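K.L.:
coords below, sequence missing:
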């Protein structure tokens, strides 16, 4: 079984602060606006990193499943050989197990990196909440009279952040489950479902991509 | 006087084989681009079928809400994308078929116009550097038929794919590969070799 990566990749340009904001404009933005714009760029970069890790993890996961399959077939082979007192197969099984272990550790590292990304996302969500509080304190319940960028209120920024965060939180939970179960299932169909769930990230909807794009447009990272 | 019509026909035939030569390469490269697309189509169908076979409730994935529906949606979306790319490739193949068919029509028309003034002898004699007009017309006609039939067969295979007939979609890459006709391709190359002196004797 080979899982072919035919993932719809969103062609995105890597944004860095230095590229997106000219020094002059950077000087103009202060306080909440500066923070929001930086957060938007962070969202973009973190999601880009996440997607890269996802692709990387996907091929590791496929290797795990493939090596699992060959391990099973070696075991069968071993049983067949037992009658003839041949000891070649056990060493092969051992070698295969080591490879499997190495790939699992590899996948574990990738999931850890993704968890790290998620923790950064969480910080941005709480920063967003903090900015809402600050705004309430400064301008009262109605918020500031004119929007910071185009049309969004501070509340909307916070909502977008927390919606994106929820999506990735769910994805991470799914990936953690896949990581735990992938090497322990003997059901081929289930292994396949694990692999496709990993690659296609079912909780990341088109609307999440739209949210991110809107965030980038609103903060001026993307030209209209 | 009798030289004139046959030399015009020769010119048109040269054009035919130039078109054939150019399109043979396009055809081959487009087909080569289709192979990975077909195999990802088969692979996606396999994933979709695995998803249908698994009762997620009895697995560690039970805790994830709407996972089955969501994953199914993603897989079908991916299939759509692949099919979209394949239909672009089919369009490229159609252009190959069309330009060869158009050229065949042109040369046959040319021949029919001149038929009265062409005697049978001048159509059937060949020389050291040029095959006979009759042979060349036949070869070109064969080539045209080859691409026409190939195109129809491949188009047909893609048209009968349905998302709910996963087994058929899974076997599609194999079916696609069985449509390959090395013999047919070889014939085209043979023809092009046979007319190579004729082509350069402009």
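P.N.:
Done, it's in. Keep in mind it's a predicted model, so treat the numbers as computed, not measured.
K.L.:
right, and the helix or strand after the one helix or strand residue B:177 maps to?
P.N.:
In this assignment (DSSP states H and E), residue B:177 forms part of helix B:166-178. For helix B:166-178, the following helix or strand on the C-terminal side (DSSP H and E) is helix B:182-194.
K.L.:
Break down the chain into its helices, ranges please.
P.N.:
All of this refers to chain A. A:17-20, A:23-28, A:31-82, A:88-139, A:154-181, A:188-200, A:206-218 (DSSP state H).
K.L.:
Correction: the question concerned chain B.
P.N.:
B:3-53, B:67-114, B:120-124, B:133-159, B:166-178, B:182-194, B:196-200.
K.L.:
Just give me how far the fourth one sits from the chain centre.
P.N.:
For helix B:133-159, the distance from its own C-alpha centre to the chain's C-alpha centre is 8 Å (Cα atoms, centre = their mean, to the nearest Å).
K.L.:
So what touches stretch A:63-74?
P.N.:
A:1-3, A:89, A:92-93, A:96-97, A:99-100, A:103-104, A:107, A:182-183, A:186, A:188, A:191-192, A:194-195 (Cβ atoms under 8 Å, 6 or more residues apart in numbering or on different chains). All C-beta spots, glycine's among them, are computed from the backbone N, C-alpha and C.
K.L.:
hmm, 10 Å instead?
P.N.:
Residues outside stretch A:63-74 that contact it (Cβ atoms under 10 Å, 6 or more residues apart in numbering or on different chains): A:1-3, A:77, A:89-90, A:92-97, A:99-104, A:106-107, A:178-179, A:182-186, A:188, A:191-192, A:194-195.
K.L.:
mean confidence score for stretch A:99-110?
P.N.:
For stretch A:99-110, mean pLDDT rounds to 95.
K.L.:
tell me which residues of it are tucked away?
P.N.:
By 16 or more other Cβ atoms under 10 Å in any protein chain shown, the buried positions in stretch A:99-110 come out as A:100, A:103-104, A:106-107, A:110.
K.L.:
OK, contacts around the residue of chain B positioned farthest from its centre?
P.N.:
Here chain B reaches farthest from its C-alpha mean at residue B:63, the gap being 48.1 Å by Cα atoms, centre = their mean. By Cβ under 10 Å, 6+ apart, the residues touching residue B:63 are A:173-174, A:177, B:56.
K.L.:
got any ranges where chain A has weak pLDDT?
P.N.:
Along chain A, segments meeting pLDDT under 70 span A:1-27, A:76-90.
K.L.:
Excluding chain neighbours, give the residue nearest to the residue sitting nearest the centre point of chain A in space.
P.N.:
When chain A is reduced to its mean C-alpha position, the nearest residue by Cα atoms, centre = their mean turns out to be residue A:50, at 3.6 Å. Nearest residue to residue A:50, sequence neighbours excluded (Cβ to Cβ, 6 or more residues apart in numbering or on different chains): residue A:117, at 5.4 Å.
K.L.:
Quick one: mean pLDDT for the helix holding residue B:177?
P.N.:
Here the average pLDDT along helix B:166-178 is 94.
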